[in-house]
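Trainee: based on what follows, work out the 3D shape:
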Amino acid sequence: MTTVAELPAGFADKVLSAQSTFRSVMDAMARPGTVQRITAVAGTPAAMMRGTAAFALTLFDHDTPIWLDERMSETSEVTKWLKFHTSAPVIADSAVSSFALIGHPRELASLDRFAFGSNEYPDRSTTLILQVESLTQGPAIGLRGPGIDGQAILQAMIQPPDLFERLEVNVSLFPRGIDVVLVHDDAIVAIPRTTRLVPRGG
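Mentor: Okay, here's the model as predicted:
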């Protein structure tokens with residue numbers, strides 16, 4: 001049984017690190033497809049990358065219900081760490097989660113399992129946090145949309161491989177929809193609901 005004293009630490013400097021991470025997250029959302037480095041966390045549960053932990057320490061609180069995939073929930077470590085450091089409730093119903101932490105994105109559930117928000121409250125949707133193998137190596141992916149000057153090229157090991165095809169549902173749902181944050185180690189890339197995949201040859 002893990003005690004409080006045995007839980008991995010959070011930020012070394014809570015205020016400055018949270019401010020720095022928040023700026024990086026906002027930069028990532030404003031410039032979709034660009035890789036942003038964020039403040040590393042001193043210690044994390046085994047299933048959680050440092051970038052995921054920093055994101056959680058900065059944006060999760062008692063009003064943000066969190067859903068964990070099977071990889072994140074296979075032991076109690078992540079749940080205990082989140083509750084201790086953020087007070088965020090970990091829930092079983094993905095359809096009402098503010099954030100979903102996905103440690104095994106290849107097995108990502110259908111997007112209709114998550115919250116799309118409403119026309120009145122589009123922000124009441126689920127943001128998916130997907131841990132991937134690389135954000136600098138892999139097939140080149142062209143992205144377009146608000147915050148992108150022409151086209152952004154992302155080279156990443158994206159899982160699931162049909163992620164952007166799935167995210168096409170955002171076109172018909174807008175202003176509702178699903179936002180995605182890709183994480184590898186201490187780097188993140190944001191894919192807001194307004195970002196679109198550039199067709200090959202487009």
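Trainee: ok, how many other residues are close to Gly150?
Mentor: Residues within reach of Gly150, counting by other C-beta atoms under 10 Å, total 7. Quick note: C-beta positions are derived from backbone N, CA and C, even for glycine.
Trainee: and the residue nearest to it when sequence neighbours are not counted, what does it touch?
Mentor: Nearest residue to Gly150, sequence neighbours excluded (C-beta to C-beta, 6 or more residues apart in numbering): Arg144, at 7.4 Å. When contacts are counted by C-beta atoms under 8 Å, 6 or more residues apart in numbering, Arg144 touches Gly150, Gln151, Ala152, Thr195, Arg196, Val198.
Trainee: from those residues, list the buried ones, please.
Mentor: Listed as buried from the contacts of Arg144 are Ala152, Thr195, Arg196, Val198; burial here means 16 or more other C-beta atoms under 10 Å.
Trainee: want to throw those into CSV with distance to Ala88, pLDDT and secondary structure?
Mentor: Formatted as CSV, those follow (distance: C-beta to C-beta, whole Å; pLDDT from 0 to 100; DSSP: H, G, I helix; E, B strand; the rest coil):
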residue, distance to Ala88, pLDDT, secondary structure
Ala152, 31, 95, strand
Thr195, 26, 97, coil
Arg196, 31, 95, strand
Val198, 35, 91, coil
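Trainee: okay if I get the residues you listed as a markdown table plus distance to Ser24?
Mentor: Formatted as a markdown table, the buried ones among the contacts of Arg144 follow (distance: C-beta to C-beta, whole Å):
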| residue | distance to Ser24 |
| --- | --- |
| Ala152 | 17 |
| Thr195 | 18 |
| Arg196 | 23 |
| Val198 | 25 |
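Trainee: now do the end-to-end distance for stretch 54-69.
Mentor: Start and end residues of stretch 54-69 are separated by 18 Å (C-alpha to C-alpha, to the nearest Å).
Trainee: pull out the buried residues from it.
Mentor: Judged by neighbour count (16+ other C-beta under 10 Å), stretch 54-69 contains these buried residues: 54-60, 64-69.
Trainee: can you pull out the strands in this structure?
Mentor: Listed in chain order, the strands found in the chain under DSSP state E are 36-37, 66-68, 99-102, 127-131, 140-144, 152-155, 179-184, 187-191, 196-197.
Trainee: so what's Glu133 up against?
Mentor: Met157, Gln159, His184 are the contacts of Glu133 under C-beta under 8 Å, 6+ apart.
Trainee: from those residues, which has minimum pLDDT?
Mentor: By pLDDT, Gln159 ranks lowest within the contacts of Glu133, coming in at 90.
Trainee: which one of the buried residues of stretch 54-69 is nearest Pro32?
Mentor: Using C-beta to C-beta, Phe55 comes nearest to Pro32 of the buried residues of stretch 54-69, at 16.1 Å.
Trainee: can you tell me how far the closest one is from Leu68?
Mentor: 14 Å (C-beta to C-beta, to the nearest Å).
Trainee: which positions in stretch 35-51 come out as buried?
Mentor: In stretch 35-51, counting by 16+ other C-beta under 10 Å, buried: 35-36, 38-41, 44-45, 47-51.
Trainee: thanks a lot, see you next time.
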